[in-house]
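Colleague: sequence first, then the predicted structure, then my questions.
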Amino acid sequence: MFLATESQMFGWSYVSAVFIALILFMGTDAFAIKPSPPLILSLTNLDLPNGQIELTLEAEAKVAGVKAALAIVLPPSVSLISGEVKWNGQIAVGEKKEIKALIRTLSNNPEKVIGFAEVSLPQGGFMTQQETVLLNTPQETRSPEPLKKPKQEHDTIFEFKEK
């Protein structure tokens, strides 16, 4: 029969407590590796003269054998002046593919434009990604300057008491 001393029992409880703490810590997201997307997708807009806006949807492949369908989805109140809003094809690792479109908004209301990518993965399946930009964002309204208290001739209490 095995009899443990008090110090041995404390040692075992200490070791088991550390073991349990490590298991709990390892089970958290602290050690989880998040998968990176097969494409890095970005959508940018550039305001041009005459109310025109240039949209650029850029995709950079991060894995080999990526087939992608890129699209810029325009709301009904936005008209396409020139450029392309769709592209399909293969993108090599590290290669960047971009599509550009010159547009004009037909209203002054804020409009959301979506850049969309559907990626066919080499091991099968597909993944979708999207980026958005907001057009016609309201201009920030400036708050009025705070009122400054006019300087008085007698600013201190002592001066008021003397008179």
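Modeller: Sure thing, it's come through.

Colleague: for stretch 102-113, how far is the first residue from the last?
Modeller: 13 Å (CA to CA, to the nearest Å).

Colleague: I misspoke; the intended subject was stretch 101-119.
Modeller: Its first and final residues considered, stretch 101-119 spans 21 Å by CA to CA.

Colleague: which positions in that stretch come out as buried?
Modeller: For stretch 101-119, a neighbour-count test (16 or more other CB atoms under 10 Å) marks Ala101, Ile103, Thr105, Glu111, Val113, Gly115, Phe116, Ala117, Glu118, Val119 as buried. For glycine as for every other residue, the C-beta is placed from the backbone atoms N, C-alpha and C.

Colleague: do I have it right that the third one meets Val113?
Modeller: Translated: Thr105. No. Using CB atoms under 8 Å, Thr105 makes no contact with Val113, being 9.6 Å away.

Colleague: what is Thr111 paired to in the beta sheet?
Modeller: No Thr there; residue 111 is Glu. Leu135 (DSSP bridges).
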